[in-house]
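Chemist: Below is the structure, and that's it, no one-letter string:
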């Protein structure tokens, strides 16, 4: 599945809390995927990058992607995300500590996927 959308300003929480900048998307079409964390590729003007993608329970409101090996301003750019595989189902967080542990585990799992994908 491919998602296309414009990068919009988010709250900057992932960058501040985890040092993990994400591009928050305003999508062109509704998402039909289940909520969760996926690996895939995000294509921007600078190229195609391995990515970890979060699709929230209300996907029309929350889709964001972190591009491995890329850290530049993407605001107002249209990007394309190629979804490859679900790596973690959506789980509501009960505490900030649980959320941080889940995000760290998901990012590690995504890095592991890309280290063996080639």
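Modeler: Here it is on my side, so go on. Model, not experiment: these values are computed from the prediction.

Chemist: Can you name the next helix or strand after the helix-or-strand element of the chain with minimal mean pLDDT?
Modeler: One helix or strand of the chain scores below all others by mean pLDDT, DSSP states H and E: helix 13-18, with a mean of 77. Proceeding C-terminally, helix 13-18 gives way to strand 23-27 as the next helix or strand, assigned by DSSP states H and E.

Chemist: what residues does that next one touch?
Modeler: Outside strand 23-27, the residues that touch it by C-beta atoms under 8 Å, 6 or more residues apart in numbering are 3-10, 42, 59-60, 62-67, 74, 79, 81. Just so you know, the C-beta spots here come from the backbone N, C-alpha and C atoms, and that holds for glycine as well.

Chemist: Among these, which lie within strands?
Modeler: Counting by DSSP state E, the contacts of strand 23-27 place 3-8, 42, 63-67, 79, 81 in strands.

Chemist: Which among those residues count as buried?
Modeler: With burial judged by 16 or more other C-beta atoms under 10 Å, the buried subset of these is 3, 5, 6, 7, 42, 63, 64, 65, 66, 67, 79, 81.

Chemist: my read: residue 93 touches residue 102, true?
Modeler: Yes - between residue 93 and residue 102 there is a contact at 6.6 Å, judged by C-beta atoms under 8 Å.

Chemist: Determine the longest helix present in this structure.
Modeler: Using DSSP state H, we find that the single longest helix of the chain is helix 96-116.

Chemist: For that helix, enumerate the helices and strands it packs against.
Modeler: Here helix 96-116 touches helix 13-18, strand 36-44, strand 47-55, strand 78-89, going by 3 or more C-beta pairs under 8 Å, 6 or more residues apart in numbering; DSSP states H and E.

Chemist: can you do 6 Å?
Modeler: strand 36-44, strand 47-55 (3 or more C-beta pairs under 6 Å, 6 or more residues apart in numbering; DSSP states H and E).

Chemist: who touches the first one?
Modeler: To tie it back to what came earlier, the one meant is strand 36-44. 48-49, 51, 53-54, 65, 67, 74, 79-90, 106, 110, 113 (C-beta atoms under 6 Å, 6 or more residues apart in numbering).

Chemist: All good on my end, thank you.
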